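**Student:** prediction below, plus the sequence it came from.
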Amino acid sequence: MLNISQKSISAKIDKSQYKSFQKLERKKSSKLIIKLLLIVFLIFVITMFLPWTQNIRSKGKVTTLNPYDKPQNIQAVIGGKIDSWLVTEGDIVSIGDTIVILAEAKAEYLDPDLLSNTKDQQDAKVRSADAYRSKLNYLESQLKALSNNRRSKLEQIEIKRAQIELEIRSTLLDIEAAITYLENATKQLERMEIMYEKGIKSLTDLESKRLSIREASAKKTSYDNKLSKLNNDLNGLEQAIDVANADYDQKFAKIESEIQSTASYRYSLIGETSKQQSKFNQIEQRQNAFVITSPINGRITKVLKNGIGEIVKAQENIATIVPTSFQKAVELYIRPNDMPLISEGKKVRLQFDGWPAMVFSGWPDNSFGTFGGEVYAVDNNISDNGKYRILVIEDSTEKSWPELIRIGSGAQGLLLLNDVRVYYELWRNLNGFPPDFYTPQENKSVKNKAPIRKIK
């Protein structure tokens, strides 16, 4: 019973019939449980001192960094009806490849000779404007000739006036001479009368002196009349100058008015010519716009307008195209409480939908199926969902992202922060404290920024 003898009889005893043996067996199993608990406790304590990488978990989706790499709609610039499709859904097209051809649908553009007729109208307006340009040249020549005639006419009047003024000066001298002659004749007559009374001179001599006085008086009167006539002629020339100036001014005004009206009408023709040219260009561009081509290298993913003869409105979407090659990025949304911890260049671990992964949030180095990234940009404005958007690009120091991921597919991100102990992280979460804020020593965001391609 006490197992003192070397020969054990425990095998021959049915222990289930004795409560003492059952109690002894339960005591042995409780010791095993205690040992297991002690081992678990030791493992837990050791785990508490393991390093833990603080992180911020976030969900987002795959997008593109460049705006021209995003899926886009192909629109019809003008309205029309579908004439023929040259692609099907799923086709890969290059820049400039024809996608669909439209036909005219508006009644005012159905004339097959509309372009040539518009060009003929424009040419007619140009010829008409040229004709009025010739008329302007003729009127300007006429105005120049009239100016020359006016100058010649005034020069002739000036010459004639100079002649009359010269004659007036000559007549004035003649009048002065006649006055002198009349005065001398009068004195001689007085002396002759005295001599006649004394009987020295005869009556004939006396009558001769009296005749000389009448001749001198008549000559002076003649010169006075001539001077009056010359003054009248001079006044007539002054009036002739005024009349000539008024006449030429009237002719000048008439020609200049005609020049202005001709120039105004010519300018209106030039304006109509420009309108015709603009209309011609619009019709030409409209006809060219019926051929809709691909703006990028991509794949036709969805045709929004089907069939032949269907009417398409202006600026209406007719197909959707997705670029075949694009610069991938992931947009994640961060709570405002975590925004102070986010800066450009921070490391991120990403898990993409469709790629199996085993993620250990606190030990990113031991995670499998995740890909490296870094924060490229942080929005300064909050999004409609109440969170801040950040853009994450591929980390050039790690393995490349999968080539098969598509725009819009889901992604989960772990933004890596400070390295702490597990017990500190548990204490922080139990107290609701935020992760530790720290500034990385070297910000590689500028060096690792993704290059922006130029639009060709």
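**Tutor:** In hand now; what should we look at? Computed from a predicted structure; not experimentally measured.

**Student:** from here on, just use CA atoms for contacts and neighbour counts.
**Tutor:** Noted.

**Student:** can you pull out the strands in the stretch 251-400 of the chain?
**Tutor:** Per DSSP state E, counting those that start in this stretch, the stretch 251-400 of the chain carries strands over the ranges 291-293, 298-303, 311-312, 316-323, 328-334, 347-352, 371-378, 388-394.

**Student:** can you give me the helices in the stretch 301-450 of the chain?
**Tutor:** Under the criterion DSSP state H, counting those that start in this stretch, helices of the stretch 301-450 of the chain are mapped to 422-431.

**Student:** give the buried residues for stretch 314-326.
**Tutor:** Glu316, Asn317, Ile318, Ala319, Thr320, Ile321, Val322, Pro323, Phe326 (16 or more other C-alpha atoms under 10 Å).

**Student:** actually stretch 282-294, not the one I wrote
**Tutor:** So, applying 16+ other C-alpha under 10 Å, buried residues of stretch 282-294: Ile283, Arg286, Gln287, Ala289, Phe290, Val291, Ile292, Thr293, Ser294.

**Student:** what's the closest of the residues you listed to Arg266?
**Tutor:** Within the buried residues of stretch 282-294, the smallest distance to Arg266 is 25.3 Å, found for Ile283 (C-alpha to C-alpha).

**Student:** where is the longest strand in the chain?
**Tutor:** strand 51-64 (DSSP state E).

**Student:** between strand 347-352 and that one, find me the angle.
**Tutor:** 60 degrees (axes from the mean of the first three to the mean of the last three C-alpha atoms, to 10 degrees).

**Student:** tell me which other helices or strands strand 51-64 touches.
**Tutor:** strand 328-334, strand 410-421, helix 422-431 (3 or more C-alpha pairs under 8 Å, 6 or more residues apart in numbering; DSSP states H and E).

**Student:** the shortest one pairs with which strands?
**Tutor:** Think strand 328-334. strand 51-64 (antiparallel), strand 388-394 (antiparallel) (DSSP bridges).

**Student:** I'd like the mean pLDDT over that strand, please.
**Tutor:** Averaged across strand 328-334, the pLDDT comes to 89.

**Student:** any weak-confidence spans in the protein?
**Tutor:** 1-31, 52-55, 356-369, 416-422, 424-425, 428-429, 431-456 (pLDDT under 70).

**Student:** can you give the domain ranges for it?
**Tutor:** Following automatic domain parsing, one finds the domains of the chain at 13-48, 52-67+326-456, 71-104+290-323, 114-272.

**Student:** any idea which helix is longest in the protein?
**Tutor:** Taking DSSP state H as the criterion, the chain has its longest helix at helix 203-289.

**Student:** centre of the chain versus that helix, how much separation?
**Tutor:** 57 Å (C-alpha atoms, centre = their mean, to the nearest Å).

**Student:** same check on stretch 63-80?
**Tutor:** Worked out by C-alpha atoms, centre = their mean, stretch 63-80 lies 20 Å from the chain centre.

**Student:** buried ones in it?
**Tutor:** 63-66, 69-80.

**Student:** distance to Ser278 for the domains of the chain - can I get that in CSV?
**Tutor:** Formatted as CSV, the domains of the chain follow (distance: least, C-alpha to C-alpha, whole Å):
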stretch, distance to Ser278
domain 13-48, 80
domain 52-67+326-456, 28
domain 71-104+290-323, 17
domain 114-272, 10
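
**Student:** tell me which of those lies nearest to Lys279.
**Tutor:** domain 114-272 (7.6 Å).

**Student:** any idea how far apart the tips of that closest one sit?
**Tutor:** By C-alpha to C-alpha, to the nearest Å, the extent of domain 114-272 from end to end equals 17 Å.

**Student:** just stretch 334-347 next, same as before
**Tutor:** First-to-last residue span, stretch 334-347, C-alpha to C-alpha: 15 Å.

**Student:** would you mind listing the buried residues in stretch 409-416?
**Tutor:** Going by 16+ other C-alpha under 10 Å, stretch 409-416 has these buried residues: Gly410, Ala411, Gln412, Gly413, Leu414, Leu415, Leu416.

**Student:** what does that stretch rub up against?
**Tutor:** Under the criterion C-alpha atoms under 8 Å, 6 or more residues apart in numbering, residues 53-62, 330, 332, 346-353, 361 lie in contact with stretch 409-416.

**Student:** only the buried subset of those, as a ChimeraX command please.
**Tutor:** What follows is the ChimeraX syntax selecting those of the contacts of stretch 409-416 that are buried according to 16+ other C-alpha under 10 Å:
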select :53,54,55,56,57,58,59,60,61,62,330,332,346,347,348,349,350,351,352,361
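
**Student:** and Ala177, how far from Lys219?
**Tutor:** Taking C-alpha to C-alpha, one finds Ala177 at 10 Å from Lys219.

**Student:** mind listing what Lys153 touches?
**Tutor:** Ala244 are the contacts of Lys153 under C-alpha under 8 Å, 6+ apart.

**Student:** which strand or helix spans it?
**Tutor:** helix 114-197 (DSSP states H and E).

**Student:** if the residue lying closest to Glu331 once chain neighbours are set aside is in a bridge, with which residues?
**Tutor:** The shortest distance from Glu331 to any non-neighbouring residue, by C-alpha to C-alpha, 6 or more residues apart in numbering, is to Leu391 (4.7 Å). Beta bridges link Leu391 to Glu331, Ala377 when assigned by DSSP bridges.

**Student:** what about the residue sitting furthest away from the middle of the chain, is that helix, strand or coil?
**Tutor:** Within the chain, the residue lying farthest from the chain centre (C-alpha atoms, centre = their mean) is Gly199, at 124.0 Å. Three-state assignment for Gly199 (DSSP: H, G, I helix; E, B strand; the rest coil): coil.

**Student:** next up, phi/psi of it, please.
**Tutor:** Note on Gly199: its backbone torsions stand at phi 80, psi 10 [degrees, to the nearest 10].

**Student:** list the contacts for it?
**Tutor:** By C-alpha under 8 Å, 6+ apart, Gly199 has no neighbours at all.

**Student:** Arg299 now?
**Tutor:** Gly90, Asp91, Ile92, Val93, Ile321, Val322, Pro323, Thr324.
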